[in-house]
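Enquirer: With the input below, show me the fold.
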Amino acid sequence: MSITIPSQYQWLNLEGGPKMIVEALKLFGTLEVPGEGNNSTITQWANEVGGKVADVYKTDSIPWCGLFMAVIAKRCGKTAPKDPLWALNWGTFGISVSTAMLGDTLVFVRRTPEGNRAGHVAIYVGEDVTAYHVIGGNQDDRVCFKRMAKNRLYAIRRPQYNVQPANVRTINLLPKGGLSNNEG
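Expert: Numbers count the residues shown, from 1 in each chain. Model (predicted):
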């Protein structure tokens, strides 16, 4: 079954890069299984990433935004941070930059239902005045696009490129859709 990318983001299919965007688009629509079941695609990403991740990640009810990013990074020949399942650890990925651009990794802070500080990580595809637009995993229990409030930003990290793709740039988008409030 093919899932159509929302019209607001279909232009990404013509970009041809950066590689992390291309790989993320291939996983668009991957959906967590509600309840006791697991989406084997998501749990297999842990095996693909390997190491401690494969030992720890056994069910898609565990927050998986970091797992999504780790499998994307691996497929693109990039090194994920230590303990990539912890979203805030992506604040050490690649290199720190001050302005978000296409393909950058954005790390956000969030609060768990218990009120604890946690994080979320996703890939920048654009922005509007109040929000970054990202593609990420475990956003409403799926790989999809979301708007994330700019005041939640924790870090902007650019993958280390041998040659930075020419299309790495700031993208201005319309503020279409509500702000994300379910990444955990």
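
Enquirer: So for the lengthiest strand in the chain, what gets flagged as buried?
Expert: Identified as the longest strand of the chain according to DSSP state E is strand 117-127. For strand 117-127, a neighbour-count test (16 or more other C-beta atoms under 10 Å) marks 118-127 as buried. Any C-beta I mention is one placed from the backbone N, CA and C, and that applies to glycine too.

Enquirer: Where is pLDDT lowest across these?
Expert: Lowest pLDDT within the buried residues of strand 117-127 is found at Ala118 (90).

Enquirer: Tell me if I'm right that that one and Arg110 touch.
Expert: Yes. Assessed by C-beta atoms under 8 Å, Ala118 is found in contact with Arg110 at 5.3 Å.

Enquirer: Who are the contact partners of Trp64?
Expert: By C-beta atoms under 8 Å, 6 or more residues apart in numbering, the contact list for Trp64 reads 32, 42, 45, 57, 85, 137-138.

Enquirer: So which residue of the chain lies furthest out from the middle?
Expert: Distance from the C-alpha centroid of the chain peaks at Glu36, with 24.1 Å (C-alpha atoms, centre = their mean).

Enquirer: circling back to that earlier point, out of the buried residues of strand 117-127, which two sit at the greatest distance?
Expert: Using C-beta to C-beta, those span at most 24.5 Å, a distance reached by Ala118 and Gly126.

Enquirer: Can you give me the pLDDT of the closest residue in space to Lys52 that isn't next to it in sequence?
Expert: Nearest residue to Lys52 in three dimensions, chain neighbours excluded: Asp83, at 7.1 Å (C-beta to C-beta, 6 or more residues apart in numbering). Residue-level confidence at Asp83 comes out at 96, pLDDT.

Enquirer: ok, Ile5 to Asn181 distance?
Expert: According to C-beta to C-beta, to the nearest Å, Ile5 and Asn181 sit 22 Å apart.

Enquirer: which of the two has more neighbours?
Expert: Using other C-beta atoms under 10 Å, the more surrounded residue of Ile5 and Asn181 is Ile5, with 16 against 10.

Enquirer: where does the residue nearest to that one when sequence neighbours are not counted land in three-state SS?
Expert: Nearest residue to Ile5, sequence neighbours excluded (C-beta to C-beta, 6+ apart): Phe28, at 5.9 Å. Under DSSP: H, G, I helix; E, B strand; the rest coil, the three-state class of Phe28 is coil.
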